[in-house]
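# Mind folding the following:
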Amino acid sequence: MAAESGVLGKTDVDGSPPTRKPTSQLSKHLREALKKPANDERLIFIDINTSPLENPDPGSSHLEMPEWMQAAAQQLDRRERDSKKGEQAYVFVTNMPFHRVLNEEARGHSVLAHGLGMPDFSKPGQYRLSEIWRQKQKHIDAHNIMEAFKSYPKIPTTFDGSLPLSKHAAENRLEIGQTYFFEDVGDRGALGEVTTATILEREKKMYIGILTEEGKGQILARNITDEELANYQEHPDAYFGVIHPASKRRDDPYELFEWMVDCYKNTPKEKLLEFCKDHPDANSLAELDHEDLVLAICEGWTASAVATERNKEGGG
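As a prediction, this is how the structure comes out:
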């Protein structure tokens, strides 16, 4: 952590003046960290110890990117260009300013991740959804660290996954593993076991994966109420009755793609090929291995869902 005079017992003798540039010591801290011996992958955490980011809109949970983050990214990029061959590290630059607002609700923390010497971790660019997924799986531990930073220091309401819902909300909540009657399946409706489910917050829609009594898998969509959305946002990991880690953003194409991959990653290849038997490239898809086939199918479904949503927004 960068030492600042007047914070955490530091003085003008052993701390920088409060007017310093937040990232002024970043390169030094990184350089010193890289000097330390390491027999395995390096994880480097550097806290810049600056004022918390203020929320410009009190009614919104969205925070703008802090100014220090761009400066930190530029420094890390320069350091990477000058790095030694084979030098690698997961670098997390944080600002966890809770000690600066002791009498207020915890707020304003932020984190920047950088893969020093890693071209496929936290690097800007245009990638296919399948490429993003593969990169994430390769560096999944680092992504989990990022998710932990985002939710910190939120404490779970319960430790067993149960939710403090109203009676009405509890009675109308779908649970993974349970069987329900779905009126919008076929002409007369059908019983189906819920195999997975998620909520796209921006659309205010729930997407439900079910398995009918005939063994057919389907994905259904239905609108949700404000109460359901609020309950999901409060307890995304346990909302559907099982502890199922949920991303904090379910409002973009990649989140939908990742959810679909999670739904179908264990589906037998023969069943997957049935889904795409009428695809113009069905023969080429049949030659793919299981993982590549799952990614290709889910990429196509995501593109179709995005196009459909854009047509609706455009009035088409």
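# Relative to Leu273, how far out is Ala279?
No, residue 279 isn't Ala; it's His. Noted for His279: a distance of 9 Å to Leu273, by Cβ to Cβ, to the nearest Å. Using the backbone N, CA and C atoms, a C-beta is placed for each residue, glycine as well.
# Name the residues contacting each of these two.
Leu285 (Cβ atoms under 8 Å, 6 or more residues apart in numbering).
# any weak-confidence spans in the stretch 101-250 of the chain?
The stretch 101-250 of the chain contains residues with pLDDT under 70 at 106, 155-164, 243-250.
# Lys123: what secondary structure?
With DSSP: H, G, I helix; E, B strand; the rest coil as the basis, Lys123 sits in coil.
# what's the spacing between it and His29?
Applying Cβ to Cβ to Lys123 and His29 gives a distance of 21 Å.
# Look at those two and report which has more neighbours.
Comparing Lys123 with His29 by other Cβ atoms under 10 Å, the one with more neighbours is His29, at 19 against 13.
# contacting residues for the more buried one?
Ala2, Ile46.
# Work out for me the element it sits within.
Secondary structure from DSSP states H and E places His29 in helix 26-35.
# helices or strands up against the next helix or strand after that helix?
Next along the chain after helix 26-35, taking DSSP H and E as the criterion, comes strand 43-47. In terms of contacts (3 or more Cβ pairs under 8 Å, 6 or more residues apart in numbering; DSSP states H and E), strand 43-47 is packed against helix 26-35, strand 89-95.
# What ranges does the protein have for its helices?
26-35, 67-81, 129-138, 140-151, 167-171, 226-234, 253-264, 269-275, 282-286, 290-313 (DSSP state H).
# what angle do the third one and helix 140-151 make?
Yep, that's helix 129-138 we're talking about. Between helix 129-138 and helix 140-151, the angle comes out at 90 degrees (axes from the mean of the first three to the mean of the last three Cα atoms, to 10 degrees).
# Just the CA atoms of helix 129-138, as CSV, please.
C-alpha atoms of helix 129-138 as CSV (Å, rounded to 0.1, in the frame of the first residue of the first chain):
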residue,chain,number,x,y,z
LEU,A,129,-17.1,-15.1,-27.4
SER,A,130,-15.5,-18.5,-27.5
GLU,A,131,-12.0,-16.8,-27.3
ILE,A,132,-13.1,-14.8,-24.3
TRP,A,133,-14.4,-18.0,-22.7
ARG,A,134,-11.2,-20.0,-23.3
GLN,A,135,-9.1,-17.2,-21.9
LYS,A,136,-11.2,-17.0,-18.8
GLN,A,137,-11.0,-20.7,-18.2
LYS,A,138,-7.2,-20.5,-18.6
